[in-house]
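>>> Requesting a structural model of the entry that follows:
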Amino acid sequence: MSTKTDFAWSGTVTSVEDYPIVIHKGYFATKDKFITALHSSGTEDDGWGYDGTDIGAGGNIIPTVLSLTWVSYAEKKFWNIEATIDQTTQNKMLELFREGFYNWDRVTEKTKHETYNHITIAVAPGGVVVLFLTGIAHRVEVARYQAKETFVDVNAFYDNPDGDTQQEFYDWWYQHSVPKYLQEKFAKSGIPYGIWDIYREKYKWRFHPFFYKEDSFVDLFITYINGEEDYFNNEELDKKLFSHVALPLNISFYFKIYNGEAKFDEEEIVAVFKKMKKNHPDKNIEIEIRPAFMYKTTSFTVKCEGEEILLEKTEVKMYKN
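Residues are numbered from 1 along each chain as shown. The predicted structure is shown next:
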């Protein structure tokens, strides 16, 4: 392993998809050195599978202090995190930077060693804060923190051209930035606090392809429901290893002639794996990938010790290479 201790990175902030937030202020630092400011670049709500806007000029040393204050329009409140990044997390980050990862270079047709280029702060309702290292086709969680609710006067947050009160400010941005489907959902059942920690639960599972004629995986890109990402080339896929990871949310998969995309339903796949874990404690679980005749679609079935549950709500798109 490399002994290098300095790696170029920049800071980003992201939020759960369709849960808009805006940064008020923030920074990364060490105990005695400022590294980079985390400033507002507008609304962030693209999801934990995205890094967010490149807002921190960054540095080349591992930060030990994280500070961030932001407004959550869905919750109509501000949150603040003042965290010390402990030694264990610092060591983990440095090890990950050094280890890096391999991606397939389609130009040279060889694997290329790369490393992470962002330290990403992912936030969710309830003051959930998760720290990721992110790079091309790879994202890994390094720590989870808990923010505290705080108060920031609307006039200190922005220029407030209409002279809104604090409540008018919250109400206007809620109506104009939170999607209507979520507003309707919140009116019925409220914000699903706690779900983002449920999404962070990991299981020991693997994808297992089943072909009706000779074929094979070429490569596979996975975005997990906890925001992590991974890429597997054909050599790694051929090993058919089980991994202790979160559940998949989106995948892009490639066969010899066809390729496809699948988006899993979070509620469905979480419920199915919870059932499998209860019925088969400590057992490895498979998700069978079975292309239909002529590759018109692909089905996904969760299997363990003879029990099978089809993931019926999975959205699949197929393409010819």
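>>> Which helix or strand contains His176?
His176 is located in helix 166-177, with elements delineated by DSSP states H and E.
>>> Least confident secondary structure element in the protein?
Across the helices and strands of the chain, mean confidence by mean pLDDT, DSSP states H and E is lowest for strand 54-59: a mean of 75.
>>> Can you check the pLDDT for the residue lying closest to Gly127 once chain neighbours are set aside?
Distance criterion C-beta to C-beta, 6 or more residues apart in numbering; nearest residue to Gly127, sequence neighbours excluded, is Ala147 at 3.5 Å. C-beta coordinates here come from the backbone N, C-alpha and C atoms, glycine included. On pLDDT, Ala147 comes in at 98.
>>> Count residues in the vicinity of Asn321, would you?
When neighbours are defined as other C-beta atoms under 10 Å, Asn321 has 9 of them.
>>> Three-state assignment for the most far-flung residue of the chain relative to its centre, please.
The C-alpha centroid of the chain is most remote from Gly163, which lies 37.0 Å away (C-alpha atoms, centre = their mean). Under DSSP: H, G, I helix; E, B strand; the rest coil, Gly163 falls in the coil class.
>>> got the phi/psi numbers for it?
phi 70, psi 40 (degrees, to the nearest 10).
>>> Model confidence score at the residue most central in space within the chain, please.
Geometric centre of the chain, nearest residue: Gly227, 1.2 Å, by C-alpha atoms, centre = their mean. For Gly227, the pLDDT comes out at 96.
>>> Which residue, neighbours along the chain excluded, lies closest to it?
Trp48 is the one closest to Gly227 (C-beta to C-beta, 6+ apart), at 3.0 Å.
>>> So the residue nearest to the centre of the chain is in contact with Phe132, correct?
Yes. Between Gly227 and Phe132 a contact is recorded at 6.4 Å, counting by C-beta atoms under 8 Å.
>>> what's the average pLDDT for stretch 271-283?
Mean pLDDT, stretch 271-283: 97.
>>> who's in contact with that stretch?
Stretch 271-283 is contacted by residues Tyr203, Trp205, Leu247, Ile285, Val302, Cys304, Glu305, Glu307, Ile309, Leu311 when judged by C-beta atoms under 8 Å, 6 or more residues apart in numbering.
>>> so where's the stretch 1-150 of the chain uncertain?
For the stretch 1-150 of the chain, applying pLDDT under 70 flags the ranges 1, 56.
>>> now the strands: where do they sit in it?
Using DSSP state E, counting those that start in this stretch, the strands assigned to the stretch 1-150 of the chain run over residues 9-15, 21-29, 34-37, 54-59, 65-72, 77-84, 101-105, 110-114, 118-124, 128-135, 138-146, 148-150.
>>> same question, the stretch 151-300 of the chain
Under DSSP E, counting those that start in this stretch, the stretch 151-300 of the chain gives strands at 203-209, 219-224, 229-233, 243-245, 248-254, 258-263, 285-291, 298-304.
>>> between these, which gets nearest to Ile85?
strand 229-233 (21.6 Å; C-beta to C-beta).
>>> Give me the contacts around that closest one.
By C-beta under 8 Å, 6+ apart, strand 229-233 touches 49, 101-104, 111, 134, 137-139, 219-224, 245.
>>> who touches Tyr27 in this structure?
Counting by C-beta under 8 Å, 6+ apart, Tyr27 has contacts Phe34, Ile35, Thr36, Ala37, Leu38, Gly56, Val65, Ser67.
>>> Look up which residues are beta-bridged to it.
When bridges are called by DSSP bridges, Tyr27 pairs up with Ala37, Ser67.
>>> Could you list the low-pLDDT ranges of the stretch 151-300 of the chain?
For the stretch 151-300 of the chain, no range has pLDDT under 70.
>>> What is the burial count for Asp51?
23.
>>> one step back: a markdown table please, covering the strands of the stretch 151-300 of the chain and showing distance to Trp172 and mean neighbour count.
Output for those, formatted as a markdown table (distance: least, C-beta to C-beta, whole Å; neighbours: other C-beta atoms under 10 Å):
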| stretch | distance to Trp172 | mean neighbour count |
| --- | --- | --- |
| strand 203-209 | 42 | 17 |
| strand 219-224 | 33 | 20 |
| strand 229-233 | 35 | 18 |
| strand 243-245 | 40 | 13 |
| strand 248-254 | 32 | 20 |
| strand 258-263 | 32 | 17 |
| strand 285-291 | 44 | 19 |
| strand 298-304 | 42 | 18 |
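>>> For these, give me TSV that also has distance to Glu315.
Listed next are the strands of the stretch 151-300 of the chain as TSV, based on distance: least, C-beta to C-beta, whole Å:
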stretch	distance to Glu315
strand 203-209	17
strand 219-224	14
strand 229-233	19
strand 243-245	21
strand 248-254	9
strand 258-263	4
strand 285-291	15
strand 298-304	11
